[in-house]
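S.K.: pasted the sequence and its predicted model underneath.
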Amino acid sequence: MGRQHWKKIWIGSAGNMVEWYDWFVYASFATYFAGAFFPDGNPTAQLMNTAGIFAVGFFMRPVGGWLLGRVGDRRGRKSALTLTVTLMSASAVLIAVAPTYAVAGYGGALVLLVARLLQGLSVGGEYAASATYLTEASAPRHRGFASSFQYVSMTAGQILGLGLQILLQRTMSDEALHSYGWRIPFVVGALGAAVVFYLRRSMLETDVYEADATGGEERGTLRALWRHRREAFLVMALTMGGTVAYYTYTTYLTKYLSNSAGLPKQTATLVSFTALIVFACLQPLAGSLSDRIGRRPLLITFAVGSTVLTVPIMTLLRRADSFWPALGLSLLALVVVTGYTSINACVKAELFPTGVRALGVALPYALANALFGGTAEYVALWFKNAGAESGFFWYVAGCAAVSLVVYITMRETRDLDLTRVKAEEASRLTPAS
């Protein structure tokens, strides 16, 4: 890959990292600020309240997917990526200054809700814009490798959040963290977003986008997407199992280890931090492998592994009583999930022509995440609160089984030429005269 390709990947990944740092910091610090915005009571109930607001952010993602996907297809990937990081910066500032329940009653929770809505709007467009940008910016024979950096950067954002959490846990008292320390990561996120905004203003547009002139006024419209509704439904179906498994073993893992397995918060955080570092390193390796053997073998491996292993892994994790058993099981789960995360960005982008690619990835992916990814943590806590926690394990396995059927029947996308728009695709995107 040439220098320009690496530059595009670096800038796209850096912005994606900050976006997802802000998104995941909410989840990783929820155990500290859950009590700040709601009345005293059952800690699990407080977590359910903050998890509910976390899920609300996901329901805003389809709106963001539509609006920012349209911007990405009509104005360019660069414009969409710059707008997403601006929205994310604003949401981080709102959370950092939100008043507590003791100061403003439920007014603080309302500010938190508005911030999550902005984050949902931003991330709804960020995923598709970065997936499309990274896929189009790479050399054709390295699309799997290049697009894997989306989850490298997403995971790096979470690693930074967890790393900051570990640092704060070791330098601040538990009382200070619950009082005001949880605001620090959101201030850091706002500053990071400002830096990325500057970087993205100078980023280069992809050659694939600039070379494509088809579609006219229908670029990035719902009408154009409807002509590719089969591919859109395919994106939703192949996302279902992957997003539930990913959020289970990343955002929910720390809470599960502390709230269910009984590990100290510091130990649970360190397990997640260490496992995610290894997970991030696996992404380019698996992405590169997909460039050699295809996308479907990796997706099928993930789905089979997640269907068969989720219940035993989660059951054993609940019994893990120290760092090493918890880490080993977490790594096993994340190795399985890598079959999905490393290549899902390019697979979805490869399904659509250039004129509707950003919207085609954004909207159906955001819908699937609203239904399954965003609710995963809430569903897990609901099962726990109902005294039937193992039901959640079977739910995750069932979602993976549904996606397995899709992976087996879908076409291979590795060798598709993104620069060539077939005649029938052009006719779909061009209004009849």
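M.R.: Cool, the structure landed. Numbers count the residues shown, from 1 in each chain.
S.K.: correct me, but Val152 touches Ala280?
M.R.: Yes: the criterion here is C-beta atoms under 8 Å, and Val152 meets it with Ala280 at 5.1 Å. For the C-beta atoms, the positions are set from N, CA and C on the backbone; glycine is no exception.
S.K.: how close does Lys348 sit to Tyr256?
M.R.: 28 Å (C-beta to C-beta, to the nearest Å).
S.K.: so between these two, which is more surrounded?
M.R.: Between Lys348 and Tyr256, counted using other C-beta atoms under 10 Å, the more crowded position is Lys348 (28 against 25).
S.K.: quick one: the more buried one and Tyr127, what's the gap?
M.R.: Taking C-beta to C-beta, one finds Lys348 at 9 Å from Tyr127.
S.K.: again with Tyr32
M.R.: 27 Å.
S.K.: got it, and Gly105?
M.R.: For Gly105 relative to Tyr127 (C-beta to C-beta), the value is 35 Å.
S.K.: these two: which has the busier surroundings?
M.R.: Tyr127 (29 against 13).
S.K.: which ones are touching Glu136?
M.R.: When contacts are counted by C-beta atoms under 8 Å, 6 or more residues apart in numbering, Glu136 touches 77, 206-209, 349, 354, 357, 418.
S.K.: elements contacting the helix or strand where Lys384 lies?
M.R.: Using DSSP states H and E, the element containing Lys384 is helix 376-385. Applying 3 or more C-beta pairs under 8 Å, 6 or more residues apart in numbering; DSSP states H and E, we find helix 376-385 packed against helix 43-74, helix 229-249, helix 253-259, helix 390-409.
S.K.: can I get those in TSV with distance to Phe323?
M.R.: Output for those, formatted as TSV (distance: least, C-beta to C-beta, whole Å):
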stretch	distance to Phe323
helix 43-74	23
helix 229-249	17
helix 253-259	10
helix 390-409	22
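S.K.: ok, of those helices, where does mean pLDDT dip lowest?
M.R.: In terms of mean pLDDT, the lowest-scoring of the helices and strands packed on helix 376-385 is helix 43-74 (a mean of 80).
S.K.: all helices of the stretch 51-200 of the chain, in order?
M.R.: Per DSSP state H, counting those that start in this stretch, the stretch 51-200 of the chain carries helices over the ranges 77-97, 101-104, 107-137, 143-147, 149-171, 174-179, 184-201.
S.K.: what's the most buried one of those helices?
M.R.: For those, the largest average neighbour count (mean count of other C-beta atoms under 10 Å) is found in helix 143-147, namely a mean of 29.
S.K.: which strands and helices sit next to that one?
M.R.: The contact analysis (3+ C-beta pairs under 8 Å, 6+ apart) places helix 143-147 against helix 107-137, helix 265-293, helix 344-350.
S.K.: of all those, which lies closest to Gly220?
M.R.: Counting by C-beta to C-beta, Gly220 lies closest to helix 107-137 out of the helices and strands packed on helix 143-147; the figure is 10.8 Å.
S.K.: okay, now Gly76: neighbour count?
M.R.: Under the criterion other C-beta under 10 Å, the count of neighbours that Gly76 has is 18.
S.K.: repeat that for Ala211.
M.R.: So Ala211, with other C-beta under 10 Å, has 12 neighbours.
S.K.: relative to Ala80, how far out is it?
M.R.: From Ala211 to Ala80 the distance is 18 Å (C-beta to C-beta).
S.K.: what does Pro284 give?
M.R.: According to C-beta to C-beta, Pro284 and Ala80 sit 24 Å apart.
S.K.: mean pLDDT and distance to Tyr247 for the helices and strands packed on helix 143-147 - can I get that in a markdown table?
M.R.: Shown next, in a markdown table, are those (pLDDT from 0 to 100; distance: least, C-beta to C-beta, whole Å):
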| stretch | mean pLDDT | distance to Tyr247 |
| --- | --- | --- |
| helix 107-137 | 86 | 13 |
| helix 265-293 | 94 | 13 |
| helix 344-350 | 94 | 13 |
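S.K.: ok, now which ones touch Tyr284?
M.R.: For the record, residue 284 is Pro, not Tyr. Contacts of Pro284 were listed using C-beta under 8 Å, 6+ apart, and they are 145, 148-149, 152, 342.
S.K.: swap that for Val379, please
M.R.: Val379 touches 392, 395, counting by C-beta under 8 Å, 6+ apart.
S.K.: turn the helices and strands packed on helix 143-147 into a markdown table, including distance to Gly373.
M.R.: A markdown table is the format used below for these (distance: least, C-beta to C-beta, whole Å):
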| stretch | distance to Gly373 |
| --- | --- |
| helix 107-137 | 10 |
| helix 265-293 | 17 |
| helix 344-350 | 12 |
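S.K.: what's the closest of the ones you listed to Ala400?
M.R.: helix 344-350 (13.3 Å).
S.K.: what helices or strands is the closest one leaning on?
M.R.: helix 107-137, helix 143-147, helix 229-249, helix 357-368.
S.K.: quick one: closest of those to Gly64.
M.R.: helix 107-137 (2.5 Å).
S.K.: returning to that earlier point: pull the CA atoms of the helix holding Lys384 into CSV?
M.R.: The C-alpha trace of helix 376-385 is given here as CSV (Å, rounded to 0.1, in the frame of the first residue of the first chain):
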residue,chain,number,x,y,z
ALA,A,376,-27.6,-6.1,24.6
GLU,A,377,-26.5,-4.6,28.0
TYR,A,378,-30.0,-3.7,29.0
VAL,A,379,-31.3,-7.2,28.1
ALA,A,380,-28.4,-8.8,30.1
LEU,A,381,-29.2,-6.7,33.2
TRP,A,382,-32.9,-7.4,32.7
PHE,A,383,-32.3,-11.2,32.8
LYS,A,384,-30.1,-10.7,35.9
ASN,A,385,-32.6,-8.6,37.7
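S.K.: what angle sits between it and helix 390-409?
M.R.: Between helix 376-385 and helix 390-409, the angle comes out at 140 degrees (axes from the mean of the first three to the mean of the last three C-alpha atoms, to 10 degrees).
S.K.: buried residues, helix 376-385. List them.
M.R.: Using 16 or more other C-beta atoms under 10 Å as the test for burial, helix 376-385 gives 376-384.
S.K.: between these, which is closest to Ser89?
M.R.: Nearest member of the buried residues of helix 376-385 to Ser89, counting by C-beta to C-beta, is Glu377, at 24.3 Å.
S.K.: export the helices of the stretch 51-200 of the chain as JSON lines, with columns for distance to Ser390.
M.R.: Formatted as JSON lines, these follow (distance: least, C-beta to C-beta, whole Å):
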{"stretch": "helix 77-97", "distance to Ser390": "33"}
{"stretch": "helix 101-104", "distance to Ser390": "33"}
{"stretch": "helix 107-137", "distance to Ser390": "29"}
{"stretch": "helix 143-147", "distance to Ser390": "35"}
{"stretch": "helix 149-171", "distance to Ser390": "26"}
{"stretch": "helix 174-179", "distance to Ser390": "31"}
{"stretch": "helix 184-201", "distance to Ser390": "33"}
